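Participant: Quick one: sequence plus predicted model below, questions after.
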Amino acid sequence: MNAESYDDFEWYEKINATLVRLDAKLLKKPDGYYLWVHYHITPDMSEHHDIAEIYMGKNKPAGW
């Protein structure tokens, strides 16, 4: 991703001895802000598995 990341939040859960981390990041792109939702699983927590990229509008959403 070459968009700017402003904030993120994560959840951790053990499922069948596999660590799963869900991330949601606010990205600023030329046409507005997007919520990028993806997850990571062990053993390679650096690899992203996309779920969705949701357009949030031209203005930065409140609370971010």
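Facilitator: Yes, it's here. Residues are numbered from 1 along each chain as shown.

Participant: List every C-alpha atom in stretch 48-57, with coordinates, as CSV.
Facilitator: Provided in CSV are the C-alpha atoms of stretch 48-57 (Å, rounded to 0.1, in the frame of the first residue of the first chain):
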residue,chain,number,x,y,z
HIS,A,48,-1.7,-9.1,4.6
HIS,A,49,-4.9,-10.9,3.7
ASP,A,50,-7.4,-8.3,2.4
ILE,A,51,-11.0,-8.4,3.5
ALA,A,52,-12.3,-5.0,2.3
GLU,A,53,-11.4,-1.5,1.4
ILE,A,54,-14.3,0.8,2.3
TYR,A,55,-14.6,4.4,1.0
MET,A,56,-15.2,6.8,3.9
GLY,A,57,-15.5,10.1,2.1
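
Participant: Need the mean per-residue confidence for that stretch.
Facilitator: For stretch 48-57, mean pLDDT is 93.

Participant: ok, now stretch 21-41?
Facilitator: For stretch 21-41, mean pLDDT is 90.

Participant: Distance check, the residue nearest in space to the middle of the chain against K60.
Facilitator: Nearest to the mean C-alpha position of the chain, by CA atoms, centre = their mean, lies A24 at 2.8 Å. Counting by CB to CB, to the nearest Å, the separation of A24 from K60 is 15 Å. Bear in mind the C-beta positions are built from the backbone N, C-alpha and C, glycine included.

Participant: repeat for H49
Facilitator: To K60, H49 is 26 Å away according to CB to CB.

Participant: Sweet, I'm off.
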